[in-house]
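A.B. asks: Please find the sequence and the predicted model below.
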Amino acid sequence: MADTSLVDRHEPLWKRLPVVVQLRKSTGWQRAMLITGVVICAVYIIVAIAAPLIAPYGFGQLQGADGESFPRTAAPSPEHIWGTTVGGFDVFSRVVYGARTAVLVVIVAVVVSIIVGVLLGLVSGYLGGWLDRVLVVVADAIYAFPSLLLAIVVSIVISGGNSSYAGGIIAAAISITVVYVPQYFRVVRAEAVRLKNDAFVESARVMGTNPWRIMTRHVLRNSTRSLPLILTLNASDAILTLAGLGFLGFGIGPTSGAEWGYDLSRALSDVASGVWWTGVFPGVAIVVLVLGVTFIGESLNDISDPRLRARRRLKQLVSTRDARNKATAEGAGA
């Protein structure tokens, strides 16, 4: 149940935003992790939106404005601050445009996964019957496959292993969506099965309320509390899955768009030659973004854990009591 002292309808709108509410609930390391994660993700989103303004060159550009080709595997310099690849691409520009690809794929994949998974879980859990049994079997079958292997198979079926930028984003997003739909399906279905026999649902059913209205108005509102945590965990996993697809050659080609996993795969052969910059910067970009999303997920998990909330409340009570006893003792001594 939401803390009414933190969520007041008379407060400004920005104070009632989910992120702000969670920040006000958090304390100590939880708040530090949440702020760090939000800042990291916000920076990546800003970079993704403003990629053409930040990147000095295009992701597939091989020549400067003077028509001269970029040097291959050039070390970091004022002209190319993160160096160039063996193909002559500017590393900094590809990392910046890679942020746009990652953000787009993750947003599309997570949003579609939530919509499909929540809808199927709601219908399956509330209606039950043969439809519920079929959907559970299908979800379990999909969940049994390794996520990356399933994403590769779906990507091959959709795009044949290579496609344009938009087609590659859609193919990667759908591949990741298929992997994560069963997770949302399971969570929402379990809550729907538990809630459909509760008194408030029975009352709505007796009053002749439409089943769809019952599902969306009563059951759905009370069955999505754990979805934000699953969303953040899936988002970090989706970034790694996208990088894995690109690393194995099933993502977006270098001339269609920038993708960190593909750049890492091309950088493998550079290591023996001492060319470190072609692999370090895309790898760091992946690690930092995954770290930021994970920080948000872990802090939300700690905030929503009732045992940790009770422990914090007990610690606050003990500290308040100790402070009161100390003040009383000092007053008596005076």
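C.D. replies: Yep, that arrived. Numbering: from 1, shown residues only.
A.B. asks: pLDDT on stretch 96-109, on average?
C.D. replies: Taken as a whole, stretch 96-109 has a mean pLDDT of 90.
A.B. asks: Repeat that for stretch 156-174.
C.D. replies: So the average pLDDT for stretch 156-174 ends up being 72.
A.B. asks: what about stretch 270-277, how long is it end to end?
C.D. replies: Its first and final residues considered, stretch 270-277 spans 9 Å by CA to CA, to the nearest Å.
A.B. asks: mind listing what's buried in that stretch?
C.D. replies: Within stretch 270-277, the residues that count as buried by 16 or more other CB atoms under 10 Å are Asp270, Val275, Trp277. In short, each C-beta sits where N, CA and C put it, glycine included.
A.B. asks: give me the number of residues near the residue nearest to the last one when sequence neighbours are not counted?
C.D. replies: Read it as Trp277. Spatial nearest neighbour of Trp277, chain neighbours left out: Gly83 (4.0 Å); criterion: CB to CB, 6 or more residues apart in numbering. Other residues within reach of Gly83, judged by other CB atoms under 10 Å, total 21.
A.B. asks: again with Ala199
C.D. replies: The burial count for Ala199: 7, using other CB under 10 Å.
A.B. asks: That one and Gly58, how far apart?
C.D. replies: 61 Å (CB to CB, to the nearest Å).
A.B. asks: what do you get for Gln183?
C.D. replies: Taken as CB to CB, the span from Gln183 to Gly58 is 37 Å.
A.B. asks: Give me the residue ranges of the stretch 1-150 of the chain where confidence is low.
C.D. replies: For the stretch 1-150 of the chain, applying pLDDT under 70 flags the ranges 1-28.
A.B. asks: contacting residues around Ala48?
C.D. replies: Ala99, Arg100, Ala102, Val103, Leu104 (CB atoms under 8 Å, 6 or more residues apart in numbering).
A.B. asks: which among those residues end up buried?
C.D. replies: Applying 16+ other CB under 10 Å to the contacts of Ala48 flags Ala99, Arg100, Ala102, Val103, Leu104 as buried.
A.B. asks: Now, those residues that are in strands?
C.D. replies: Within the buried ones among the contacts of Ala48, no residue falls in strands by DSSP state E.
A.B. asks: closest to Asn222 among these?
C.D. replies: Closest approach between the buried ones among the contacts of Ala48 and Asn222, by CB to CB: Val103, at 31.1 Å.
A.B. asks: any idea which helix or strand carries the nearest residue to that closest one once chain neighbours are set aside?
C.D. replies: Nearest residue to Val103, sequence neighbours excluded (CB to CB, 6+ apart): Ala48, at 4.1 Å. Here Ala48 sits within helix 28-49, counting by DSSP states H and E.
A.B. asks: same deal with Ile286?
C.D. replies: Remark: Ile286 resides in helix 277-304, with elements defined by DSSP H and E.
A.B. asks: Identify the residue nearest the geometric centre of the chain.
C.D. replies: Nearest to the mean C-alpha position of the chain, by CA atoms, centre = their mean, lies Ala235 at 2.2 Å.
A.B. asks: my read: that residue touches Val111, true?
C.D. replies: No. Between Ala235 and Val111 there is no contact, the gap being 10.5 Å when judged by CB atoms under 8 Å.
A.B. asks: and stretch 96-103, how far from the chain's centre?
C.D. replies: 14 Å (CA atoms, centre = their mean, to the nearest Å).
A.B. asks: Give me the residues contacting it.
C.D. replies: Here stretch 96-103 has contacts from 44-45, 47-49, 51, 54-55, 58-59, 165, 169, 239, 242, 252, 257-260, 263, 282, 285, 289, using CB under 8 Å, 6+ apart.
A.B. asks: again, 7 Å this time
C.D. replies: 44-45, 47-48, 51, 54-55, 59, 169, 239, 242, 252, 257-260, 282, 285, 289 (CB atoms under 7 Å, 6 or more residues apart in numbering).
A.B. asks: For ChimeraX, write the select line for the buried members of the residues you listed.
C.D. replies: Selection of buried members from the contacts of stretch 96-103 for ChimeraX, criterion 16+ other CB under 10 Å:
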select :44,47,48,51,55,59,169,239,242,252,257,258,259,260,282,285,289
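A.B. asks: More neighbours: Gln183 and Gly58, which one.
C.D. replies: Higher neighbour count among Gln183 and Gly58: Gln183, with 21 against 15, using other CB under 10 Å.
A.B. asks: and the nearest residue to the more buried one once chain neighbours are set aside, how many residues sit next to it?
C.D. replies: Residue nearest to Gln183 in three dimensions, not counting chain neighbours: Ile230, with 6.0 Å by CB to CB, 6+ apart. Using other CB under 10 Å, Ile230 has 20 other residues around it.
A.B. asks: sorry, back to before: give the rounded mean pLDDT of the helix holding Ile286.
C.D. replies: 85.
A.B. asks: With adjacent residues omitted, what lies nearest to Val288?
C.D. replies: Val288 sits nearest to Ile40 (CB to CB, 6+ apart), 6.3 Å away.
A.B. asks: Show me which residues of stretch 183-201 are buried.
C.D. replies: 183-189, 191-193, 195-196, 201.
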